[in-house]
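Asks: coords please:
(one chain, ligands or ions: 2)
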Amino acid sequence: MNKMTVRDIDVKGKRVLVRVDFNVPLDEKTGTIADDSRIQAALPTIKYLVGQEAKVILCSHLGRPEGKVVDNLRMTVIAERLSRHLKRPVQVAMECIGPKVERAVAELKGGDILLLENLRFHSEEEKNDPAFARALASLAEIYVNDAFGTAHRSHASITGVAEDLPAVAGLLMEKELATLGSILDNPARPFVGVLGGAKVSDKVGMLENIMNKVDALLIGGGMANVFLRAMSFDTGQSVVESGSLSTVFDLMKEAAAYEVRLLLPDDVVVTDEISAEAEAAVVSIDKIPTQMKIVDIGPKTIEKFRRELEKSRTVFWNGPMGIDEIPQFAQGTRSMARILAGLKAATIIGGGSTAEVVIDMKLADEMTFVSTGGGASLRFLGGRSLPGVEVLLDKDGK
Ligand code: 3PG
Ligand code: MG
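Replies: Residues are numbered from 1 along each chain as shown. Ligands and ions are numbered 1, 2, ... in the order given. A predicted model of the protein is given here:
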């Protein structure tokens, strides 16, 4: 990576503003943290700064409060969890800018940690308002971005603050960019991409960018429906993103030109209603009943994908194979997670819902890397720059 990191700058005793992505899923009923992977992923940077006796000022968004104070999106629960992981106190501010925060910052000693209130309680954060960014930046002498999961957003705490402060990458940011970058640069072969999720349009950029790098693409989820339709199969009542048909024709041509093996479902799980009580049936793709819709890949397809994956040395997976919230439509996705967990290959999991499944199944430790970024990893693998990375100082000092 050609960006400076927190190790390349003298942070000793300095006030350091660290943008983290503590946007963790919360349990709807209890308001407790459902999964704290993103908090754990930020620990190395925080520990490093504490070790350097920096005055650590952490900031993040949580949820989408849209510029208003929402009490159950306050950062208090996050501070408690962070404090438990670090085994040291984490102060929490009730604001993210203003005189009270300035006083709290002035009282910090080397090694102290202060977590600011949810940045998105101010609409200026998402608008990248210059005055808001300046107020945030004025709290510190150095800015560290460790929020890979939000690096695709040009918000005040991501890009705005970098106008006023020397800006460097945190250790999670460095690891994310290095790991995802290694897929693009020099993957061990065979390199297999497993792609699912609802829409082709979300993934076109990434598909186009990795097409000349992968040896095989295994396609499932709602996006497979468009490929099936492109091959003239009757997909019944399945949701088919018909606007993506011509894109899919192009992708199929590209796959052929690069000699990429494109593996699509041979059998699928179908149902007539999408509900927890729905009944599921397995059918071959040339026998999809007109009144049914596709909700998962079938067992033959899982076996075909398994055989391909067992030959691979690098696997990147993004997107569920079916509707993973409903158990009878989640077998494809859950099988992919189990198969990948058992491989000797380097297994890299895109963030978002794919990471959630892997974490929920307690298989994250069996994978080589689980990204903390959903939208950010898609954009990065699509070959597009991330605004939050662009603003960081280059290694050669520019
Ligand atoms: C995410 O979880 O996608 C990141 O934290 C960014 O949040 P956002 O999608 O609400 O901008
Ligand atoms: Mg998002």
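Asks: Around ligand 1, which positions in this protein sit nearby?
Replies: Selection of the chain residues close to ligand 1 by CB under 6 Å from any ligand atom yields Asp21, Asn23, Arg64, Gly149, Thr150, Arg153, Gly374, Gly375. Quick note: C-beta positions are derived from backbone N, CA and C, even for glycine.
Asks: of the residues you listed, buried ones?
Replies: For these, a burial check counting by 16 or more other CB atoms under 10 Å picks out Asp21, Asn23, Gly149, Thr150, Arg153, Gly374, Gly375.
Asks: Looking at these, which is nearest Arg38?
Replies: Nearest to Arg38 among those is Asp21, at 5.5 Å by CB to CB.
Asks: Roughly how far does Gly160 sit from ligand 1?
Replies: 15 Å (CB to the nearest ligand atom, to the nearest Å).
Asks: Need the pLDDT of that residue.
Replies: Looking at Gly160, its pLDDT is 98.
Asks: How about Val6?
Replies: Val6 is given a pLDDT of 98.
Asks: Might one say that it is in contact with Leu172?
Replies: No - using CB atoms under 8 Å, Val6 is not in contact with Leu172, being 10.3 Å away.
Asks: Spit out the residues that contact those two alike.
Replies: Residues touching both Val6 and Leu172 comprise Thr45, with contact defined as CB atoms under 8 Å, 6 or more residues apart in numbering.
Asks: Just the strands from the stretch 1-150 of the chain, written as ranges.
Replies: Assigned by DSSP state E, counting those that start in this stretch, the stretch 1-150 of the chain shows strands spanning 15-19, 55-59, 91-92, 113-115, 142-145.
Asks: okay if I get those as TSV plus mean pLDDT, distance to Leu309 and mean neighbour count?
Replies: Output for the strands of the stretch 1-150 of the chain, formatted as TSV (pLDDT from 0 to 100; distance: least, CB to CB, whole Å; neighbours: other CB atoms under 10 Å):
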stretch	mean pLDDT	distance to Leu309	mean neighbour count
strand 15-19	98	36	25
strand 55-59	98	39	27
strand 91-92	98	44	18
strand 113-115	98	41	23
strand 142-145	98	34	27
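Asks: Let's have the ones you listed in TSV, adding distance to Ile323.
Replies: Output for the strands of the stretch 1-150 of the chain, formatted as TSV (distance: least, CB to CB, whole Å):
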stretch	distance to Ile323
strand 15-19	34
strand 55-59	36
strand 91-92	38
strand 113-115	36
strand 142-145	35
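Asks: which one among the residues of the chain next to ligand 1 gets closest to Gly342?
Replies: Proximity of those to Gly342 (CB to CB) peaks at Gly374, which lies at 24.5 Å.
Asks: ok, the closest one - contacts?
Replies: Gly149, Gly350, Gly351, Gly352, Ser353, Ala355 are the contacts of Gly374 under CB under 8 Å, 6+ apart.
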